[in-house]
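K.L.:
any chance you can model this:
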Amino acid sequence: MSEEKDTTLVDLGERVKGKIELPRIDLKQYIGKSSKIELVTEHKGNYGFYVKVQSEIIDTWKGVKDIELRASVILGLHEDKEGNLGWDDSTKMGIFLKKMNVKHYRELIGKEVVVQTRTNKEGLDFLTFI
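P.N.:
Below is the predicted model:
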């Protein structure tokens, strides 16, 4: 059995009590706020290529560990027969680019968006702008 290089064996003893209540962030306060797109990154995942678009930091939530809150969206890329990646006007990417009045997702940086919330498959809310 191999150990990870950046780990240390510890004994947590009585510190581990079992289930604990974690603080929750009320995302409703951010709905409708304006923010600008700050990051656009390209990725390859289990289901193909996609682009992650993130807003500037909307707030920093102070807790045991500070959490920077950003709105984000993941937009899938499609591959044609020749192996080119892109989107069609009817895809989520195409519709968003048209709404933002740009021709390519790399032009999104600096564009203003309105923050919304969405609920994922696990029932957790997150900040987005689509």
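K.L.:
report the contact partners of the residue nearest the centre of the chain.
P.N.:
Closest residue to the average C-alpha location of the chain: residue 72 at 4.0 Å, with Cα atoms, centre = their mean. Residues in contact with residue 72, defined by Cβ atoms under 8 Å, 6 or more residues apart in numbering, are 52-55, 126-128. Yep, even glycine has a C-beta here, placed from its N, CA and C like the rest.
K.L.:
which residues does the helix or strand where residue 126 lies contact?
P.N.:
Element membership of residue 126 [criterion: DSSP states H and E] is strand 125-128. By Cβ under 8 Å, 6+ apart, the surrounding residues in contact with strand 125-128 are 27, 30, 55, 58, 69-73, 115-120.
K.L.:
between those, which is closest to residue 109?
P.N.:
Nearest to residue 109, judged by Cβ to Cβ, of these is residue 55 at 10.6 Å.
K.L.:
ok, the closest one - contacts?
P.N.:
Contacts for residue 55 (Cβ under 8 Å, 6+ apart) come out as 35-38, 70-72, 113, 115, 127, 129.
K.L.:
let's go with 6 Å and repeat that
P.N.:
Counting by Cβ atoms under 6 Å, 6 or more residues apart in numbering, residue 55 touches 35, 37, 70-71.
K.L.:
does it have any beta-bridge partners, and if so which?
P.N.:
residue 37 (DSSP bridges).
K.L.:
thank you, goodbye.
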